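>>> coordinates only, sequence not included:
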């Protein structure tokens, strides 16, 4: 009798445990970035930022609408290619993700945003800076960094007022990001009374810049601005040195990585490169950012490249909206996400405007000395 009773109790406990497990809420967060190709180091950096957030959320035991949430990361590779980006977006939609953090590039984020909008799935990009991204009228589109109007314009004004650039050349890689930030840089130059003596373009997979740099050298430039990513900027800096071009080299967040000195293979002079990263912390906020970088290094045995902290914050902001709304259903928590204001993240305080852009977004200006990136200033 006792033997049978004990087994009955065990059976009841197993059934109860199974029922409890079944009640756990599975929340799928998608992430897309280029984890293959020439900027895979940046894509992996972003993906690791998402993994860090997901692991912390699961460790905390977050509850949404009275149910314990189990967070799953669905990571996709878009290789920085728009077509692959939309395919990755559709795959995540078909997998019924609750939200998406990504993509890294503007050129992939913009076409993918329509896929997410059509499905009603919120998308927060941690690094897409082209203004068009949040100006398409989609209610599902957000970003946690300042856009190219701010970034490119600030660099353009800096080139004239601080670097005293009189002869300025501009090169872009014809991507949505590269051309966009270069256009805004040129506007910033003109705003301060400067002129662009030469405008050239290449592509995001090019390796030989002899022809365009020779053309630019004839103008005797003080400043060369490149709109594109570090994988192209590094070889470009090397070839500038080979041709005897000693101009300051400027670029946006795409070149402002820890890998740039390696990609330039020792061709960078101290203080030659000036770049800007969309985002930035100062004062007491640096404590949280410094801790994040230490924890990140410990977890992944890799230094933060650029945007891992912004991916982390984007993930946390999305989940915070789910918790406040009491639901992981995109249709339910989206209005709460749109009203995000005063969220204290490792990258600073996050609030969205009516377009989904971050309010009062910061920029950080950097240079490089002895192969190390050094902060110049945080500007808003």
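Done, it's in. Just so it is clear, the structure is predicted and the values come from calculations on it, not from any experiment.

>>> hey, where'd the helices end up in the protein?
Assigned helices in the chain, in chain order: 2-23, 40-60, 82-94, 106-119, 148-161, 176-191, 210-217, 230-242, 260-264, 285-300, 308-325, 330-338 (criterion: DSSP state H).

>>> report all helices and strands that the fourth one contacts.
Spelled out, that is helix 106-119. Helix 106-119 sits against helix 82-94, strand 99-102, strand 123-125, strand 141-143, helix 176-191, with contacts defined as 3 or more C-beta pairs under 8 Å, 6 or more residues apart in numbering; DSSP states H and E. Placement of C-beta: from N, CA and C, glycine included.

>>> let's have those in a markdown table, adding distance to residue 339 and mean pLDDT.
Formatted as a markdown table, the helices and strands packed on helix 106-119 follow (distance: least, C-beta to C-beta, whole Å; pLDDT from 0 to 100):
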| stretch | distance to residue 339 | mean pLDDT |
| --- | --- | --- |
| helix 82-94 | 24 | 98 |
| strand 99-102 | 16 | 98 |
| strand 123-125 | 14 | 98 |
| strand 141-143 | 11 | 97 |
| helix 176-191 | 28 | 95 |
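
>>> could I get those in a markdown table, plus columns for distance to residue 325 and mean neighbour count?
Listed next are the helices and strands packed on helix 106-119 as a markdown table, based on distance: least, C-beta to C-beta, whole Å; neighbours: other C-beta atoms under 10 Å:
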| stretch | distance to residue 325 | mean neighbour count |
| --- | --- | --- |
| helix 82-94 | 20 | 19 |
| strand 99-102 | 12 | 31 |
| strand 123-125 | 15 | 31 |
| strand 141-143 | 15 | 27 |
| helix 176-191 | 32 | 24 |
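
>>> can you put those in CSV and add distance to residue 310?
Converted to CSV, the helices and strands packed on helix 106-119 look like this (distance: least, C-beta to C-beta, whole Å):
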stretch, distance to residue 310
helix 82-94, 18
strand 99-102, 9
strand 123-125, 9
strand 141-143, 9
helix 176-191, 15
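
>>> quick one, which of these is nearest to residue 68?
strand 99-102 (18.3 Å; C-beta to C-beta).

>>> okay, now the sheet partners of the closest one, with direction.
strand 25-33 (parallel), strand 123-125 (parallel) (DSSP bridges).

>>> would you mind finding the most buried of those?
Of all these, strand 123-125 has the most neighbours on average by mean count of other C-beta atoms under 10 Å, namely a mean of 31.

>>> give me the contact list for it.
Outside strand 123-125, the residues that touch it by C-beta atoms under 8 Å, 6 or more residues apart in numbering are 99-104, 109, 112-113, 116, 133, 140-145, 314, 317-318.

>>> also stretch 318-332?
25, 27, 29, 53, 57, 62-66, 69, 71, 98-99, 101, 120-122, 124, 140, 333-337, 340, 343.

>>> so for that stretch, what gets flagged as buried?
Using 16 or more other C-beta atoms under 10 Å as the test for burial, stretch 318-332 gives 318, 319, 320, 321, 322, 323, 325, 327, 328, 330.

>>> closest to residue 372 out of those?
residue 318 (33.4 Å).

>>> quick one, longest strand in the chain?
Longest strand of the chain, by residue count under DSSP state E: strand 67-77.

>>> in space, what's closest to residue 132 - neighbours in sequence excluded?
Once flanking residues are discounted, residue 132 sits nearest to residue 110: 5.8 Å by C-beta to C-beta, 6 or more residues apart in numbering.

>>> distance of the one you found from residue 205?
19 Å (C-beta to C-beta, to the nearest Å).

>>> and these two? Which one has more around it.
When residue 110 and residue 205 are compared on other C-beta atoms under 10 Å, the one with more neighbours turns out to be residue 110, at 25 against 11.

>>> wait, residue 100 touches residue 50, no?
No: if you go by C-beta atoms under 8 Å, residue 100 and residue 50 don't touch, sitting 10.1 Å apart.

>>> which non-adjacent residue is nearest the residue nearest in space to the middle of the chain?
By C-alpha atoms, centre = their mean, the chain has its centre lying nearest to residue 127, at 2.3 Å. Counting by C-beta to C-beta, 6+ apart, residue 307 is the residue found nearest to residue 127 once chain neighbours are left out, at 4.4 Å.

>>> now swap in residue 113 and tell me
Using C-beta to C-beta, 6+ apart and skipping residues adjacent in sequence, the residue nearest residue 113 is residue 141, 5.0 Å away.

>>> residue 130 is in contact with the one you found, correct?
No: between residue 141 and residue 130 there is no contact under C-beta under 8 Å: 11.8 Å.

>>> who are the contact partners of the residue nearest to the centre of the chain?
For residue 127, the contacting residues are 46, 104, 105, 145, 253, 278, 306, 307, 310, 311, by C-beta under 8 Å, 6+ apart.
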